[in-house]
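Visitor: quick one: sequence and predicted model below, then my questions.
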Amino acid sequence: MKSQIFKITAVLLFLLTNFASAQTGFSSRAPFVLEVPEVSATRYIAPVVRLPLKEVPTLKFRVLEPYAAEIDYGKIIVTLNGNGINRGCDKKLDAQGKIVHCGRREDRLGGYDLLPGKNVIEIRATDRKGREYYASYLMILGDKTAVIEKPEASGKAEVFRGRKFAVIVGVSEYKFNDAGLKNLSFADDDAQAIAAFLQTPAGGSFASGDIKLLVNQNASLLAVRSALLETAKRAKSEDLVFIFIAGHGAPDPVAPQNLYFLMADTKVVDMAKTAFPMTELKQILDTQVYAQRVITLIDTCHSAGINQKSQSLVSGRDLVQEDDENNISNFYLTNQLFKQAGRAIITSSDVNEVSQESAKWGNHGVFTWALLDGLKGKADLNGDNLITAGEIFQYTRVNVQKATSFQQNPLALSGSSANLTLAFISK
């Protein structure tokens with residue numbers, strides 16, 4: 001009798017859970033299949049697609065039944081490296097579902113251009129009941145060859161004499177260790193070391209009152225949001241804002257198109273209300289920060305995101321199934337966060353990579369270890385006694401690559417921000 005009650009209860013819980021998921025617009029990659037018809041008969045479902053080719057003639061995105069019956073073509077959106085490619089694509093229907101078939105760009109009216117190496121593909125769909133579905137793919141083209149890039153001397157450094165503000169966040173200890181969320185070892189040490197360096201003459205002599213340092217339990221969602229907004233309000237046009245964030249970064253398990261920084265009080269089961277959206281950082285930088293110079297250093301991909309098989313959060317220490325993760329957080333941060341002149345952003349790792357930390361790097365993450373090493377003088381490539389954003393990126397990237405045997409490759413936003421001065425060397 002007890003076993004029957006247990007089975008009935010389990011069934012009811014299952015039905016209620018699925019009903020609740022449907023009502024809240026549960027996001028899933030289940031409807032989607034990626035096909036590359038001229039290359040292979042394989043139907044790609046896993047988040048990572050590796051092809052030995054450098055060019056792909058067409059891409060076919062299939063929305064399977066029974067989902068397709070409730071999804072109109074106009075509600076299927078495909079993006080490649082952040083840009084929509086629906087325009088010019090053929091739309092077809094067969095017994096298996098709806099198809100969006102796209103070809104390489106031949107003119108300005110439509111098509112796509114794939115980049116050598118890594119490409120981020122995203123597909124979104126909304127059905128007639130408002131339920132949202134989402135999947136991302138990392139398509140890697142060609143054979144990856146590990147080559148140490150020779151750093152080049154930076155251009156003329158921009159001399160800055162305004163006031164300097166900083167928001168420094170480091171979370172190693174998380175209050176709610178649910179759904180696989182694990183503590184880190186050195187994210188708090190990274191933040192404290194960066195804050196200490198900024199107050200030295202080499203780091204720019206930031207006033208202690210102009211630095212918001214938030215670590216562990218003090219780095220709550222409310223505290224971090226307040227620190228960013230208050231700093232944005234205080235910094236004038238001629239000033240500089242420095243942002244450093246170290247900790248976990250991940251998509252929402254039930255809405256993986258939404259990417260978050262995980263704060264000390266984040267609950268993985270309720271990221272929408274308890275984690276800091278990466279889009280909110282963009283909104284603050286775009287609309288609240290008037291300082292013409294903004295430097296952002298982000299080391300938040302210790303988590304590779306959500307395991308597609310278990311639907312749970314995995315930390316970098318647990319990542320063993322590389323092709324089960326793609327972690328597009330770094331792509332978003334370096335390609336979509338902001339593109340204005342006078343702003344520089346460097347992230348600790350590439351798409352589908354995990355940021356590493358260890359005692360062998362001075363009780364730091366390898367990114368912060370290389371970053372501090374470079375800022376203290378080793379990144380002065382042109383010998384002008386000034387360390388620019390471009391120089392520190394080149395130095396950090398090369399040394400992180402060496403230290404991790406190319407398992408971690410920092411990214412930087414390209415643009416006119418390369419000459420921003422980050423550190424000074426005493427003659």
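Guide: Good, I have the coordinates.

Visitor: domains in the chain, as residue ranges please.
Guide: Following automatic domain parsing, the chain resolves into domains at 32-141, 164-424.

Visitor: could you tell me the end-to-end distance of the longest one?
Guide: Criterion CA to CA, to the nearest Å; first-to-last residue distance in domain 164-424 is 14 Å.

Visitor: the first one too?
Guide: Between the opening and closing residues of domain 32-141 there is a gap of 21 Å (CA to CA).

Visitor: quick check: which element contains the nearest residue to Asp210 once chain neighbours are set aside?
Guide: Excluding its sequence neighbours, the residue lying closest to Asp210 (CB to CB, 6 or more residues apart in numbering) is Phe165, at 4.8 Å. Glycine gets a C-beta too; all of them are placed from N, C-alpha and C. Using DSSP states H and E, the element containing Phe165 is strand 164-170.

Visitor: and the helices in this structure?
Guide: Using DSSP state H, the helices assigned to the chain run over residues 2-23, 187-198, 221-234, 271-274, 278-287, 329-335, 366-373, 389-404.

Visitor: right, so of the domains of the chain, which gets closest to Ala157?
Guide: domain 164-424 (4.0 Å; CB to CB).

Visitor: show the average pLDDT along that closest one.
Guide: When the per-residue pLDDT values of domain 164-424 are averaged, the result is 83.

Visitor: that older thread, the residue nearest to Asp210 contacts Ala235, doesn't it?
Guide: Yes: using CB atoms under 8 Å, Phe165 and Ala235 qualify as a contacting pair, with a distance of 4.9 Å.

Visitor: between these two, which contacts overlap?
Guide: Among the neighbours of Phe165, those also in contact with Ala235 (CB atoms under 8 Å, 6 or more residues apart in numbering) are 241, 291.

Visitor: give me the distance between the nearest residue to Ile121 once chain neighbours are set aside and Asn399.
Guide: If the residues on either side of it in the chain are set aside, Ile121 comes closest to Tyr137, at 4.3 Å by CB to CB, 6+ apart. Going from Tyr137 to Asn399 by CB to CB, to the nearest Å gives 31 Å.

Visitor: now swap in His364 and tell me
Guide: 12 Å.

Visitor: kindly report the same for Ile77.
Guide: As defined by CB to CB, Ile77 lies at a distance of 39 Å from Asn399.

Visitor: who has more neighbours out of these two?
Guide: It is Asn399, of Ile77 and Asn399, that has more neighbours when counted by other CB atoms under 10 Å, with 22 against 15.

Visitor: pretty sure that one contacts Asp373?
Guide: Yes: proximity of Asn399 to Asp373 meets the contact threshold set by CB under 8 Å, at 7.0 Å.

Visitor: about what we covered before: nearest to Glu158, of the domains of the chain?
Guide: Checking those against Glu158 by CB to CB gives domain 164-424 as the closest, at 4.7 Å.

Visitor: show me how far that closest one is from its chain's centre.
Guide: Average the C-alpha atoms of domain 164-424, do the same for its chain, and the two points are 10 Å apart (CA atoms, centre = their mean, to the nearest Å).

Visitor: what's the end-to-end length of stretch 237-251?
Guide: Stretch 237-251: ends 33 Å apart by CA to CA.

Visitor: mean neighbour count, the domains of the chain: which tops it?
Guide: Looking across those with neighbours counted as mean count of other CB atoms under 10 Å, the highest average goes to domain 164-424: a mean of 20.

Visitor: got the contact list for the nearest residue to Tyr73 once chain neighbours are set aside?
Guide: Of all residues not flanking Tyr73 in the chain, Lys91 sits nearest, at 5.0 Å (CB to CB, 6+ apart). The neighbourhood of Lys91, defined by CB under 8 Å, 6+ apart, consists of 73, 98-101.

Visitor: do that again at 10 Å, thanks
Guide: For Lys91, the contacting residues are 73-74, 76, 98-101, taking CB atoms under 10 Å, 6 or more residues apart in numbering as the criterion.

Visitor: next one: Ala403
Guide: Contacts for Ala403 (CB under 10 Å, 6+ apart) come out as 356, 358, 360-361, 366-367, 369-370.

Visitor: pretty sure Tyr133 contacts Ala125?
Guide: Yes: applying CB atoms under 10 Å as the test, Tyr133 and Ala125 come out as touching, 4.7 Å apart.
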